[in-house]
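Participant: no FASTA, just this:
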């Protein structure tokens, strides 16, 4: 958001803009004060349209000219009474000198100053047709005025005179067929002008053409002539983009009349020269949007640089004002700021019109423009004091005119004016020359009787002619009176008609005022209702906000509870699954152990029953012969599926390796889920520390390590593996185990049982001893041994010889 003194919408008319912005500057100009008005904005935002206008609706410049000439029209001095010098000053000449100057200029073969009575150019005729006739009140009627205009442009930081007469176009020379400039003396390239400072420390352009104008049409024709020479180009953002800053300067010279109120006071100190500068700035632009190249790119760079210098000067002035510093303002960095240095130092009123284009593409540039324009409002400059009065009696012009009119009237009543103006004397002479000439009135002889009769005849003719003229004059007076009466009657009728229209308008206005009062009351009532509804809506909004906050807090609480519930359910499901898996494995293990135990018991009972049946059924004399060792070695022995469950049999000890010393200690690692096999051969480790899990303390006290591992074989029997290793100390102070070999204990169920047959000739001495041998003894005489370091590999089963 940005704040300005006045904001105009898109539908505002030029007259409203002029009344608010430019009219006070014109009033100050006529009162002898300087003014500066410039348009500022992005390219294509309507700066030139605001300054110049369009056909049928003139802009600020033609309206300023119209207001100036409407105000000082009756009080203008004759041409060349005021004469500008080359040092930004003004001289005053007498009317005779001014007449000689006019005759000299008319004799020169140069184009004359455009006259306001000739036909206007149709290109701008509609722009200066201002119908409102705005004028300044309380114009000093005892002064005479002269208006001078000049038109310059600042292009690429050089100043050029747009009113300078040139034989060809001043922007580019003629080119021949070889595409090179024509080298002759006809073309005069435009020369840049220089800035100077006058004795009052005001900046001006040296050698600039300044034209004295006497009407709005004449002044605008001079402006239009320079406008055609202004540099414009086609860019991506504007079809007719201004490539330079244009400055139209209006100078108003005024001097008081002498004490008689007839002629201009010939004192240069009493001349007041005020100036109004109307500046149409070139628009700031970004080259990445305009796609400018070559000269267009250089022009855009100079335009942006001069606008940046203007912004820097304003910022330094604002900083000096806010913080009381005395920093030097960089006016000389740009010709634009150097030319108007006096305005920023307080020598006049400055007003800026910020033109904004509502296009979305100009958003960033428009923000920069409005930020700068808002900052300029905070800069305050000192105003110069008003000029002192000349000390002559005010109102002397009209008093002198009234005196001269009264004198002429009285002289006419006495027989004609005496000492009239040269134009009036010449008219009287022409009138008297129409009468018959008087004869010679000189009497040379007393008896002359011809001179007097001729004189009397001539006087009678003149008397008759005078009577005829008097009658004709009376007729003309009567006709003129009749015309005046008719005009008065028409004026009276028009006044009556206008009064009737005014009465109707007043009635309409009264009705509209009543309607406005009613609507205002209705608006107040509606505003009160709206206020109540807004308060109610505010209360409801607050309640809604509180309820939404409460709802959000409860929703978050419910979400947290739901997430906790889901997390707890997942945890419980994991625990249930883990427990179920654990118990399933435990049940399977127990069922397998129970099944093995029951199978072993069943097999033992079956064997006992079979042995009992054999003892009962077989005869006593037939006893089996004990086989010899040699026959038993030749016959392959069947492998038992599982060893006979004989809990009373002694366990076979595990023999240590002979390479080790007899004093080494073992760590016997038996996991908690170890299942006792109840076999005859059981591993027994001497000097062992039995643990359920290996610990650093136990490993530090022993040299060997034994791990008892059980798993279910493919035939459903339990297979026991004894994994052995050596314990070493590490460099870090801990212990490490290196496994060396594996021993396997496996039990198998027998595929069948064969009883030994007796020899044909039993030995009676050995009958008693061999009768106790059975297949159970034969089966139990088989031992399993695994030799460490055997070439057959770990787990190889060696069968012992039968007893």
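Facilitator: Received, thanks. As the structure is a prediction and not an experimental result, all values here were calculated from the model.
Participant: Would you mind splitting the chain into its domains for me?
Facilitator: The record, using the TED database to delimit domains, assigns the chain the ranges 14-107+122-166+190-377, 459-557, 691-744.
Participant: could the ones you listed be laid out in a markdown table, adding mean pLDDT and distance to residue 411?
Facilitator: Where C-beta positions appear, they are placed from N, C-alpha and C, glycine not excepted. Rendered in a markdown table, the data for the domains of the chain read as follows (pLDDT from 0 to 100; distance: least, CB to CB, whole Å):
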| stretch | mean pLDDT | distance to residue 411 |
| --- | --- | --- |
| domain 14-107+122-166+190-377 | 85 | 18 |
| domain 459-557 | 91 | 18 |
| domain 691-744 | 85 | 144 |
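Participant: can you redo those domains as TSV with distance to residue 406?
Facilitator: Written out in TSV, the entries for those read as follows (distance: least, CB to CB, whole Å):
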stretch	distance to residue 406
domain 14-107+122-166+190-377	14
domain 459-557	21
domain 691-744	137
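Participant: any idea which of those is most buried?
Facilitator: Ranked by mean neighbour count, the domains of the chain are led by domain 14-107+122-166+190-377 with a mean of 18 (mean count of other CB atoms under 10 Å).
Participant: how distant is it from the center of its chain?
Facilitator: A distance of 33 Å separates the C-alpha centroid of domain 14-107+122-166+190-377 from that of its chain, computed with CA atoms, centre = their mean, to the nearest Å.
Participant: Need the distance between the two termini of that domain.
Facilitator: From the first residue to the last, domain 14-107+122-166+190-377 extends over 23 Å; the measure is CA to CA, to the nearest Å.
Participant: Do you have the helices of the stretch 151-300 of the chain handy? List them.
Facilitator: In the stretch 151-300 of the chain, the helices defined using DSSP state H, counting those that start in this stretch lie at 216-227, 287-290, 295-323.
Participant: Ok, which of these comes nearest residue 243?
Facilitator: helix 295-323 (4.7 Å; CB to CB).
Participant: Now do the next helix or strand after that closest one: everything it contacts.
Facilitator: Moving toward the C-terminus from helix 295-323, the next helix or strand (DSSP states H and E) is helix 335-339. The list of residues contacting helix 335-339 from outside it, by CB atoms under 8 Å, 6 or more residues apart in numbering, reads 154, 157-159, 195, 203, 205, 245, 247, 281, 306, 309-310, 313, 330-332, 344.
Participant: change it to 6 Å
Facilitator: Residues outside helix 335-339 that contact it (CB atoms under 6 Å, 6 or more residues apart in numbering): 154, 157, 159, 195, 203, 245, 306, 309, 310, 313, 331, 332.
Participant: right, and the pair among those residues with maximum separation?
Facilitator: Considering CB to CB, no two members of these lie farther apart than 159 and 313, which are separated by 17.9 Å.
Participant: Phi and psi next, for residue 91.
Facilitator: In this entry, residue 91 is assigned phi and psi values of phi -110, psi 160 (degrees, to the nearest 10).
Participant: what about the closest residue to it other than its chain neighbours, which helix or strand?
Facilitator: Counting by CB to CB, 6 or more residues apart in numbering, residue 91 lies nearest to residue 83, which is 4.8 Å off, once chain neighbours are set aside. With elements taken from DSSP H and E, the one containing residue 83 is strand 82-84.
Participant: for that strand, packing partners?
Facilitator: Packing contacts for strand 82-84, counted by 3 or more CB pairs under 6 Å, 6 or more residues apart in numbering; DSSP states H and E, involve strand 90-92.
Participant: One more pass at 8 Å, please.
Facilitator: Judged by 3 or more CB pairs under 8 Å, 6 or more residues apart in numbering; DSSP states H and E, the packing partners of strand 82-84 are strand 90-92, strand 143-155, strand 245-256.
Participant: now the longest one against strand 245-256, angle please.
Facilitator: Same thing as strand 143-155. With axes from the mean of the first three to the mean of the last three CA atoms, to 10 degrees as the criterion, the two stretches strand 143-155 and strand 245-256 enclose an angle of 160 degrees.
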